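*Asks:* give me a 3D structure for the following:
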Amino acid sequence: MEAASADTRARVVALARGWLGTPYHHQASVKGAGCDCLGLLRGVYAALYGAEPEVPPPYTPSWAEDRGAETLRDAAARHLVPLATTAAGPGDVLLFRWRDGLPAKHCGILAGPAHMIHAYDGHAVVETWIPPAWSRRIAYAFRFPEPSPEPSPEIPT
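*Replies:* Next up, the predicted model:
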C-alpha cells in the first residue's frame with residue numbers, strides 16, 4: 001500500500017472540512033445528518049475511494065473499555081498506512097488513548113500542525129486546536145493510501 005501524496009492528503013483535509021457542523025450521532029456516518037469520530041473517518045474514506053473499507057460491528061460508547069483490545073488501531077492498520085506519531089501531517093489520521101493501559105478509542109484527521117477535524121459526544125464535527133492534554137494522548141498515526149488512478153476509457157479500434 002503506497003502512502004498518499006501531498007495532493008491526496010490536502011484532498012483528505014478538504015473532504016473532512018465538508019463534514020464540519022455535522023451533528024454528533026453515535027455509530028452514524030451521514031454527512032450533514034450525523035456521525036461520530038469513526039463515522040467521520042468512514043465518510044472521508046468512502047468519498048476518497050468510492051466505498052467504506054468495511055462495516056464496523058455495533059459498538060457501545062464504552063466499547064474500548066469493555067473489550068480491552070486495540071480494535072480501532074487494528075481496523076486502521078487493515079486499511080491505512082501506519083506512521084510514527086511524530087511523522088503525522090495534514091490529512092493523516094490520529095488515534096487517541098484516553099487513559100494509560102486502555103485501547104485507543106477516538107480518532108481525528110489532522111488538518112494542520114496543531115489542529116484536527118473530529119466529532120465527539122455533545123459536539124458537531126469541528127476543526128479544533130489540539131491541546132497539550134490531547135497531544136499526550138496520541139497513541140497511533142496513519143496515512144490514507146494513494147487512491148488508484150481512474151482507468152482510462154477504452155478507445156474503440
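*Asks:* could you find the closest non-adjacent residue to Ser29?
*Replies:* Counting by Cβ to Cβ, 6 or more residues apart in numbering, Gly39 is the residue found nearest to Ser29 once chain neighbours are left out, at 3.4 Å. Every C-beta, even on glycine, is put in place using the N, C-alpha and C of the backbone.
*Asks:* who's in contact with that neighbour?
*Replies:* Residues in contact with Gly39, defined by Cβ atoms under 8 Å, 6 or more residues apart in numbering, are His25, Gln27, Ala28, Ser29, Val30, Ala119.
*Asks:* what subset of those is buried?
*Replies:* Neighbour counting by 16 or more other Cβ atoms under 10 Å classes His25, Ala28, Ser29, Ala119 among the contacts of Gly39 as buried.
*Asks:* lowest-scoring secondary structure element of the chain by mean pLDDT?
*Replies:* When the helices and strands of the chain are compared on mean pLDDT, DSSP states H and E, helix 63-67 comes out lowest with a mean of 67.
*Asks:* out of the buried ones among the contacts of Gly39, list just those in strands.
*Replies:* Here DSSP state E is the test, and the buried ones among the contacts of Gly39 give Ser29 as lying in strands.
*Asks:* go through the buried ones among the contacts of Gly39 and name the one nearest Val55.
*Replies:* Ser29 (9.8 Å; Cβ to Cβ).
*Asks:* shouldn't that closest one be in contact with Arg42?
*Replies:* Yes. Counting by Cβ atoms under 8 Å, Ser29 sits close enough to Arg42 to count as a contact (4.5 Å).
*Asks:* now the helices for this protein?
*Replies:* Counting by DSSP state H, one finds helices in the chain at the ranges 6-17, 37-49, 63-67, 71-79, 132-135.
*Asks:* list the buried residues for the last one?
*Replies:* This means helix 132-135. Along helix 132-135, the positions that meet the burial threshold by neighbour count (16+ other Cβ under 10 Å) are Trp134.
*Asks:* got it, and stretch 87-103?
*Replies:* Counting neighbours by 16+ other Cβ under 10 Å, stretch 87-103 gives Ala88, Pro90, Gly91, Asp92, Val93, Leu94, Leu95, Phe96, Arg97, Pro103 as buried.
*Asks:* which among those gets closest to Leu72?
*Replies:* Leu72 lies nearest to Leu95 out of these, by Cβ to Cβ, at 5.8 Å.
*Asks:* what's the farthest-apart pair in the buried residues of stretch 87-103?
*Replies:* Pro90 and Pro103 (25.6 Å).
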